[in-house]
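>>> task: produce atomic coordinates for the following.
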Amino acid sequence: MAIPYYHVDSFTGELFAGNPAGVCIVPEFPPDSVMQKIAAENRHSETSFVVARPDGGFDLRWFTPVVEEELCGHATLAAAFVLSLRNHPDWPVRFHTMSGPLTVHRSAERFEMDFPARPPVPCDPPAGLLPALHLDNVPVLRSSRDFLVAVQSQGIVQNLRPDIDALSKVPMGVGGVIVTAQGAPPVDYVCRFFAPSIGIPEDPATGSIHCTLAPYWAERLGKHSFEARQLSPRGACMGSAVASDRVRISGEARLYLSGTIQL
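Prediction:
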């Protein structure tokens with residue numbers, strides 16, 4: 001079986017930045033064990049598998065090197081970008097996923113994804129979370145998937161050096177921990193994301209965390225549309241906007257390579 005395969009850098013306008021994602025275009029989903037092995041072989045934080053539907057939409061699934069994910073932003077952006085390279089004629093694209101229908105609009109080189117909002121609420125942090133981040137006495141919130149830690153400055157986010165081994169032992173379910181602070185204009189907020197328990201020590205660029213970040217900063221800043229930066233070593237740029245119980249997440253992508261997986 002030959003699978004068309006694409007390596008895409010998401011949430012960036014240039015190569016070697018943003019977050020690498022694998023995109024596999026398949027006539028039907030291979031066995032779960034095979035998709036998991038492909039994702040592990042790729043070593044990207046996410047590999048997406050795309051199947052065309054008779055109604056013109058697509059089924060979409062995402063795998064980290066360790067587990068299947070129920071929502072992923074940068075690999076959704078990569079999948080939509082690949083469909084544009086393959087001259088898909090009908091936009092917006094509608095993906096059917098474990099998290100429900102996800103729509104992606106295209107405007108020139110920019111793609112805007114419509115995702116469910118996941119607003120966070122204050123919580124008591126699990127034992128070991130703040131020590132693993134080398135932080136103390138900072139607010140901790142929880143969405144339906146991730147923890148969110150709000151710190152005082154962009155510099156704290158930029159210079160954070162967590163103990164990844166200790167963080168991997170903190171019970172976080174299927175999610176991770178977002179660290180965020182207000183940005184310097186024109187950037188509204190900055191962030192980083194760590195999820196070692198699901199095989200992602202630090203994610204270079206993460207779309208799905210803005211389902212939590214955008215509602216959080218909407219309440220803090222009294223606005224609904226944002227420019228954001230993910231301050232990972234690779235760096236990433238994205239836009240977000242709150243629209244009722246949805247969040248629109250936008251960004252660009254670049255193709256690094258394309259080829260064929262031989263099974």
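>>> now stretch 64-75: buried residues?
Neighbour counts over stretch 64-75 (16 or more other CB atoms under 10 Å) mark 64-65, 68-69, 71-75 as buried. Backbone N, C-alpha and C define where each C-beta goes, glycine included.
>>> now, the residues you listed that are in strands?
Using DSSP state E, the subset of these located in strands is 68-69.
>>> sketch out the helices for the stretch 151-263 of the chain, chain order is fine.
According to DSSP state H, counting those that start in this stretch, the stretch 151-263 of the chain carries its helices in the segments 154-159, 164-168, 210-221.
>>> how far does stretch 230-248 stretch from start to finish?
Stretch 230-248 has an end-to-end distance of 17 Å (criterion: CA to CA, to the nearest Å).
>>> stretch 239-257 now?
Stretch 239-257 stretches 25 Å from its first residue to its last (CA to CA).
>>> grab the nearest non-local neighbour of residue 218.
Using CB to CB, 6 or more residues apart in numbering and skipping the chain neighbours, the partner closest in space to residue 218 is residue 242 (4.7 Å).
>>> tally of neighbours for the one you found?
Close neighbours of residue 242, defined as other CB atoms under 10 Å, add up to 22.
>>> show me where the stretch 51-200 of the chain has its strands.
Assigned by DSSP state E, counting those that start in this stretch, the stretch 51-200 of the chain shows strands spanning 58-63, 68-69, 93-97, 100-107, 110-116, 121-122, 140-142, 147-150, 177-182, 189-195, 200-203.
>>> quick one on the thing from earlier: just the helices of the stretch 151-263 of the chain: most buried one?
Mean neighbour count (mean count of other CB atoms under 10 Å) peaks for helix 210-221 among those, with a mean of 22.
>>> can you give the distance of that helix from its chain's centre?
Helix 210-221 sits 16 Å away from the centroid of its parent chain (CA atoms, centre = their mean, to the nearest Å).
>>> now, the buried residues of stretch 64-75 that are in helices?
Residues from the buried residues of stretch 64-75 lying in helices, with DSSP state H as the criterion: 74-75.
>>> tell me the one of the buried residues of stretch 64-75 nearest residue 19?
residue 74 (4.3 Å; CB to CB).
>>> just confirm the closest one contacts residue 17, I think it does.
No. Using CB atoms under 8 Å, residue 74 makes no contact with residue 17, being 11.9 Å away.
>>> tell me which of the helices of the stretch 151-263 of the chain sits nearest to residue 128.
Once these are compared by CB to CB, helix 164-168 is nearest, at 6.3 Å.
>>> what does that closest one contact?
Helix 164-168 is contacted from outside by 128-129, 131-133, 177, 194, 196-197, 201-202, using CB atoms under 8 Å, 6 or more residues apart in numbering.
>>> mark which of those are buried, thanks.
Buried by 16+ other CB under 10 Å: 129, 132-133, 177, 194, 196-197, 202, out of the contacts of helix 164-168.
>>> kindly report the domain assignment for the chain.
In terms of domains, the chain is parsed into 2-111+252-262, 121-243 (source: automatic domain parsing).
>>> just the mean pLDDT for the last one, thanks.
Yep, that's domain 121-243 we're talking about. For domain 121-243, the mean pLDDT works out to 96.
>>> how far does that domain sit from the chain's center?
Offset of domain 121-243 from its chain centre (CA atoms, centre = their mean): 12 Å.
>>> ends of that domain, what's the gap?
Distance between the two ends of domain 121-243: 19 Å, counting by CA to CA.
>>> do the same with stretch 202-211
Terminal residues of stretch 202-211 lie 18 Å apart, using CA to CA.
>>> got it, and stretch 142-149?
Stretch 142-149 has an end-to-end distance of 9 Å (CA to CA).
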